[in-house]
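S.K.: no sequence for this one, just the structure:
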């Protein structure tokens, strides 16, 4: 039987300020969030039994331990997250970085500084306007 739950959005960014801004905006919009300061910790959590599959991932490019390109390549290799939409959010504004992000598998590449409304609009384009998703039990 199908049940409905709030869509989970992972926020992977080493800036606590960016994570908090996004968490507040997304929760106001009806999403559940889980934040991580680096990609390595996020990937370990996703591989754990307590993890829920995210509806979407917001991913920074420049982080300690593992950069966003590497995280994205790992996500795309895993069957469970291979098709999960990823918004890459980076301070790198160059066309080469944007192309590398798209080649690595980013659905959307947004630059910092950002507006919460821009991130929400990109999410809407990727997920539709519903904050809840169907979960199979």
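M.R.: Great, that's in hand. The structure displayed is predicted, hence computed values, not measured ones.

S.K.: ends of stretch 63-73, what's the gap?
M.R.: 15 Å (C-alpha to C-alpha, to the nearest Å).

S.K.: mind listing what's buried along it?
M.R.: Applying a neighbour-count criterion of 16 or more other C-beta atoms under 10 Å, one finds 63, 66-69, 71-72 buried in stretch 63-73. Quick note: C-beta positions are derived from backbone N, CA and C, even for glycine.

S.K.: need the contact partners of that stretch.
M.R.: 12-14, 37-43, 59-62, 86, 88, 90, 100-101, 104-106 (C-beta atoms under 8 Å, 6 or more residues apart in numbering).

S.K.: what remains of those residues if I keep only buried residues?
M.R.: Buried members of those, counted by 16+ other C-beta under 10 Å: 12-13, 37-40, 42-43, 59-61, 86, 88, 90, 100-101, 104-106.

S.K.: excluding chain neighbours, what is closest to residue 33?
M.R.: Nearest residue to residue 33 in three dimensions, chain neighbours excluded: residue 23, at 4.7 Å (C-beta to C-beta, 6 or more residues apart in numbering).

S.K.: what does residue 89 give?
M.R.: Nearest residue to residue 89, sequence neighbours excluded (C-beta to C-beta, 6+ apart): residue 110, at 5.1 Å.

S.K.: so where does that neighbour fall, helix or strand?
M.R.: Per DSSP states H and E: residue 110 is located in strand 108-111.

S.K.: what's the helix or strand following that strand packed up against?
M.R.: Going down the chain from strand 108-111, the next helix or strand is helix 116-127, by DSSP H and E. Under the contact criterion of 3 or more C-beta pairs under 8 Å, 6 or more residues apart in numbering; DSSP states H and E, helix 116-127 touches helix 16-28, strand 56-60, strand 86-90, strand 108-111.

S.K.: distance from helix 116-127 to the middle of the chain?
M.R.: Distance, stretch centre to chain centre, for helix 116-127: 11 Å (C-alpha atoms, centre = their mean, to the nearest Å).

S.K.: surely residue 18 and residue 62 touch.
M.R.: No. Using C-beta atoms under 8 Å, residue 18 is not in contact with residue 62, being 11.6 Å away.
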